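> Take this sequence and fold it.
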Amino acid sequence: MSFDETWAEHRIGFAEWLYRYLIGEDMTGPNSAAFCPGSVKLQHLPMTAGERPEPWYGPDRGM
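As a prediction, this is how the structure comes out:
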């Protein structure tokens with residue numbers, strides 16, 4: 001694989017790719033890891049113009 005390209009191909013399912021990305025592996029190219037420890041912050045999209053959804057957090061990733 002040439003690292004001069006602007007993309008990286010991973011022949012794995014999306015769930016595995018997402019897991020590896022969240023634990024800090026280089027999944028979007030060489031030296032692309034951006035690991036942030038702790039829980040993942042989630043937020044529902046607003047359903048009306050005046051709605052301000054509260055964020056919630058996933059389980060601790062134990063890392």
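
> What spatial separation is found between the residue sitting furthest away from the middle of the chain and R11?
Note on the chain: the largest C-alpha distance from the chain mean falls to G50, namely 28.2 Å (Cα atoms, centre = their mean). Separation of G50 from R11 (Cβ to Cβ, to the nearest Å) stands at 45 Å. C-betas here are computed from N, CA, C, even on glycine.

> Could you do P46 as well?
37 Å.

> If you count surrounding residues, which of these two has more?
P46 (10 against 5; other Cβ atoms under 10 Å).

> ok, and the closest non-adjacent residue to that one?
P53 (5.6 Å; Cβ to Cβ, 6 or more residues apart in numbering).

> Kindly report the same for F35.
G24 (2.9 Å).

> gap between the one you found and A49?
Distance from G24 to A49, by Cβ to Cβ: 37 Å.

> neighbour-wise, which of the two wins?
Counting neighbours by other Cβ under 10 Å for G24 and for A49 shows that G24 has the greater number, 14 against 5.

> does that one really touch R61, like I thought?
No. Contact criterion Cβ atoms under 8 Å: G24 and R61 do not qualify, at 9.8 Å.

> In contact with the most centrally placed residue in the chain: list those residues for me.
Centroid-nearest residue in the chain, with Cα atoms, centre = their mean: L22, separated by 4.8 Å. Contact analysis of L22 by Cβ atoms under 8 Å, 6 or more residues apart in numbering lists V40, R61.
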